[in-house]
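Undergrad: the following block contains a protein sequence and its predicted model.
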Amino acid sequence: MKFGDYRVEVIPDCEFRLDGGAMFGVVPRNLWSKTCPPDEQNRIRMNMNCLFIEAREERILIDTGIGDKWPDKHRTMYGIDRKRSFDESLRAVAGVGSEEITIVINTHLHFDHAGGNTKADGTGKAIAAFPGARYFVSRAEYEHAEAPTERDRASYLPDNWRPLKETGQLEFKEAEYEVVPGLRIETHAGHNRSMQCARLEQGSHTLFGFADLVPMRAHVPFAWIMGFDLYPVETLAAKKKLIPQAAREGWTCLFYHDPDQPLGRIVEEAGKLRAVAMKASV
């Protein structure tokens with residue numbers, strides 16, 4: 001779709017499943033299950049909605065999904081349901097191939113956001129999935145990924161970033177930086193201390209990628225916070241700041257993990273905030 005001077009497309013990776021209780025923290029099951037019905041293992045449907053931005057000479061991808069480097073055990077555990085490769089989805093939706101991406105931005109290095117950074121070659125070695133791209137990640141996130149806590153260690157798989165450091169493709173960034181005019185990456189603590197969100201501004205219009213701060217439409221209510229978050233009180237503070245602003249200013253919002261409606265706008269009705277469908281272009 002056209003967004004100001006740039007072209008923006010949502011590239012879905014594939015469906016997968018995580019435990020619904022973990023995805024909604026202290027919210028009771030009888031509430032979240034009305035919005036996200038669980039399967040027999042208490043898992044809910046999710047997706048990874050990566051953002052493609054064509055901006056002048058740059059072809060930018062924000063996050064890369066879960067990747068293909070999974071043994072059968074973990075494919076079953078996470079309910080990974082891949083219909084086509086990410087490269088096929090990229091070509092079908094954006095009309096470009098993986099080799100044409102020039103910049104990859106990782107909001108953070110959890111496996112469901114950075115798993116597609118690399119792919120296995122013929123020998124099983126992890127190599128860059130986007131061979132011509134520079135990969136951006138905040139230095140703070142890289143340092144955390146290399147020394148995670150016991151609580152989030154399982155979310156960090158070094159094959160998703162170390163091969164890129166070895167080839168010189170991985171570039172460390174500050175807490176806030178500009179990628180191209182109008183596209184800024186900014187840190188919002190809560191999920192961890194170093195997760196980043198993307199803000200694209202064109203004229204009076206804003207597209208905001210919430211990453212795991214508001215992973216699905218169902219997480220718009222302030223108290224609906226993931227149990228995975230290391231700092232839920234900081235998540236709450238960030239949501240209270242950003243979500244009302246998104247409603248006031250009519251932001252286009254990207255809900256990275258929503259399986260059905262990744263793009264929407266937040267509106268306030270009868271004192272409650274919720275996500276609604278949006279127009280195709282601005």
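TA: Cool, got the structure.
Undergrad: mind listing the strands for the stretch 101-250 of the chain?
TA: Listed in chain order, the strands of the stretch 101-250 of the chain (DSSP state E, counting those that start in this stretch) span 103-105, 118-120, 126-128, 134-138, 170-173, 176-180, 183-187, 196-202, 205-209.
Undergrad: how close does Gly21 sit to Ala175?
TA: 32 Å (C-beta to C-beta, to the nearest Å). C-beta here means a position set from N, CA and C on the backbone, and glycine is covered the same way.
Undergrad: related to what we said a few turns ago, can you say which of the strands of the stretch 101-250 of the chain is packed in most?
TA: Mean neighbours per residue, mean count of other C-beta atoms under 10 Å, is largest over the strands of the stretch 101-250 of the chain for strand 103-105, with a mean of 25.
Undergrad: strand partners (parallel or antiparallel) of that one?
TA: strand 58-62 (parallel), strand 134-138 (parallel) (DSSP bridges).
Undergrad: rebuild those strands as TSV, extending it with mean pLDDT and distance to Asp121.
TA: Formatted as TSV, the strands paired with strand 103-105 follow (pLDDT from 0 to 100; distance: least, C-beta to C-beta, whole Å):
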stretch	mean pLDDT	distance to Asp121
strand 58-62	98	20
strand 134-138	98	17
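Undergrad: a markdown table for those strands, including distance to Val104?
TA: Formatted as a markdown table, those follow (distance: least, C-beta to C-beta, whole Å):
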| stretch | distance to Val104 |
| --- | --- |
| strand 58-62 | 5 |
| strand 134-138 | 5 |
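Undergrad: closest to Ala246 out of those strands?
TA: Between Ala246 and the strands paired with strand 103-105, the shortest separation by C-beta to C-beta is 17.5 Å, and it involves strand 58-62.
Undergrad: list the contacts of the helix or strand containing Leu18.
TA: In the assignment (DSSP states H and E), Leu18 maps to strand 16-19. Where contact means C-beta atoms under 8 Å, 6 or more residues apart in numbering, the residues beyond strand 16-19 that reach it are 39, 41-48, 66, 78-81, 112.
Undergrad: got a list of contacts for the helix or strand following that strand?
TA: Downstream of strand 16-19, the next assigned helix or strand under DSSP H and E is helix 20-24. Here helix 20-24 makes contact (C-beta under 8 Å, 6+ apart) with 29, 31-33, 36, 38, 42-44, 46, 215-216, 218-219, 224-228.
Undergrad: alright, I will stop here.
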